[in-house]
Each structure stands twice: as C-alpha cells, then as structure tokens.
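Visitor: below are the sequence and a predicted model; questions follow.
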Amino acid sequence: MYPLNRSALAPSARPKAPSGWGAAPTVARIAAMALALGALSACDREKREFEAPQAAATAPKLRQSSIQAGQPQPDAPAAAPDMPSTPYRYEDNAYAVSQGKRLYRWYNCSSCHAPGGGGDWGPALSDDKWIYGSDPENIFATIAQGRPNGMPSFGGHIPEDQIWQLVAYVRSLSGQLRKDVEPGRGDALQASPPEAARPTEPVHPAPPVTGTER
Ligand code: HEC
C-alpha cells in the first residue's frame, strides 16, 4: 500500500474557505467603502502639521520686484526662475488655510490688498481676474519673487511652507478651494459674514504706475 498523498487531492475536494466579503450584501459593502473614504478625506481636512518639513527660507533666484518684505536680501546667484522646491500644497487642509489667513494679516498683505482681498492699492484677490495666473505655482511665484508693479518679494524672508499656506488662503478668497476648507470668521470680532460667504467683489484694475510713488 502507498501512503496517502494529501497534496494530490483535487482542489474541489478541499473544504472552501469562508469568504467574508463575498457573503456580505452589496449595499453593506458600498456603505463600508463610502465610510472608509469619508474618513480618509476628513483626515486631510483636519490634519495639523505643526512642524511641516521645511525648505529653509533661502533667497529666491529671481526677484521681480525692487521692494522686499523687511530688510533687503541679495538674490541667489542663478538665472533660473524661482519655483517652489517643495511639493506641499495645503489646499485640502482647513487648518493650513486658516493659518494662511493669519499670515495674510501678520505680513500686512491686507494693507495693500484689503482684509478679505477686495483690493486697494494692490489688485483684488477675491475676483476671477488674475494678472499673473491663479494656479498655486503662479501665486507661489508672485509671493516669493514679487511682481514689478509694486508687489514686494517675500522669498527668503519667510519659510516656504508659510508661502504655501498664503497661497491656499489667497485661492480660497476667489472660491477656488473646497467650501469646507475655507476659513470662517477671523481672529477679531467682525460684524460682516466671513469672506468666503460674501458675493464676489467687483474688479479693481491695478492703479497706473506714475513713477512718483516710490
Ligand atoms: C506694498 C503693497 C503690497 C503688499 C504688502 C502685498 N502686495 Fe500683493 N500686490 C501688490 C501690487 C501693487 C500687485 C500688482 C503687481 C503687478 O501688477 O505687477 C500685487 C499682486 C499680488 C498678486 C497677484 C495678483 C494677480 O492678479 O495675479 C498676489 C497673489 C498677491 N499680490 C498676494 C499678496 C500676498 C499674499 C501678500 C502678503 C504676503 C501681498 N500680496 C502683499 C501690492 C502688495
């Protein structure tokens, strides 16, 4: 007699492993997946990155403005345009957008673009007209390099991740972000509704440069 060789048994002769998913009704399966997806996206919205991996605040390679925030710094010696070296985008993150809102006030963006970005000496940021483009990279470059007709260059003066937070806030002003990450009321008490809930501002054209202001 030969010993019984178990591995030679036909697959159909083996007991079937119970498959949990296979048994669950489709509706329950879809509901579970929707819950899991919801939890994932909620995480991004609520994440608080207190120590974002930062690129040092190095001077940008190219400044397009003669005005700089704070003490003037030399340009880095290179001809390439200064584009973001970090891939951070905070556009799905409510905490980062509200940090951007604070920085907008702290760095005095509001003195030229008005609180809420309605425009004053600088152009409105809450409408859909863009001189230099509305993509995150365009706005990053605007803040880092400055722009020739009076927009100061902040690159080298503030860390890159703060520029990204400002980018996210600036884009929220013109309704380019998800509604549920847009910042609500500011730190100070205010009588008007949050800027994200106000009607779109009328277009303010950039003032003509006469050469006598600076
Ligand atoms: C001294 C006044 C001043 C300050 C301070 C200032 N800006 Fe500006 N900003 C301007 C002017 C003027 C322009 C238009 C420049 C041009 O047309 O070349 C501009 C342009 C811009 C643009 C481009 C708008 C477009 O239509 O493409 C963005 C975005 C912007 N500023 C964001 C900011 C942010 C964010 C801050 C704060 C970190 C800031 N600005 C601080 C005056 C200022």
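Guide: Here it is on my side, so go on. Numbers count the residues shown, from 1 in each chain.
Visitor: so how many other residues sit close to the closest residue to T200 other than its chain neighbours?
Guide: Leaving aside its sequence neighbours, T200 sits nearest to D127 (C-beta to C-beta, 6 or more residues apart in numbering; 6.0 Å). C-betas here are computed from N, CA, C, even on glycine. Neighbour count for D127, taken as other C-beta atoms under 10 Å: 18.
Visitor: pLDDT score for D127?
Guide: D127 is assigned a predicted lDDT (pLDDT) of 93.
Visitor: cool, and the one 3 residues further on?
Guide: Here the pLDDT value assigned to W130 is 96.
Visitor: that one contacts T142, correct?
Guide: No. Here W130 lies out of contact with T142, judged by C-beta atoms under 8 Å, at a distance of 9.3 Å.
Visitor: which of those two has more neighbours?
Guide: Ranked by neighbour count (other C-beta under 10 Å), W130 and T142 place T142 first, with 24 against 14.
Visitor: you'd agree P60 is up against I143?
Guide: No. Judged on C-beta under 8 Å, P60 makes no contact with I143 at a distance of 9.9 Å.
Visitor: any shared contact partners between those two?
Guide: G155 (C-beta atoms under 8 Å, 6 or more residues apart in numbering).
Visitor: helix/strand/coil for the nearest residue to Q145 once chain neighbours are set aside?
Guide: Among residues not flanking Q145 along the chain, Q64 sits closest, at 4.7 Å (C-beta to C-beta, 6+ apart). Secondary structure assignment for Q64 (DSSP: H, G, I helix; E, B strand; the rest coil): coil.
Visitor: tell me how many other residues surround Q64.
Guide: 18.
Visitor: so it versus I131, what's the distance?
Guide: 12 Å (C-beta to C-beta, to the nearest Å).
Visitor: so what sits against both of those two?
Guide: In contact with both Q64 and I131: R147, using C-beta under 8 Å, 6+ apart.
Visitor: so, low pLDDT: which residues of this protein?
Guide: 1-25, 33-43, 52-59, 76-88, 184-191, 212-214 (pLDDT under 70).
Visitor: what residues does it put near the ligand?
Guide: Counting by C-beta under 6 Å from any ligand atom, the chain comes close to the ligand at 104, 107-109, 111-113, 121-123, 125, 130-132, 139, 142-143, 147-152, 154, 166, 170, 206.
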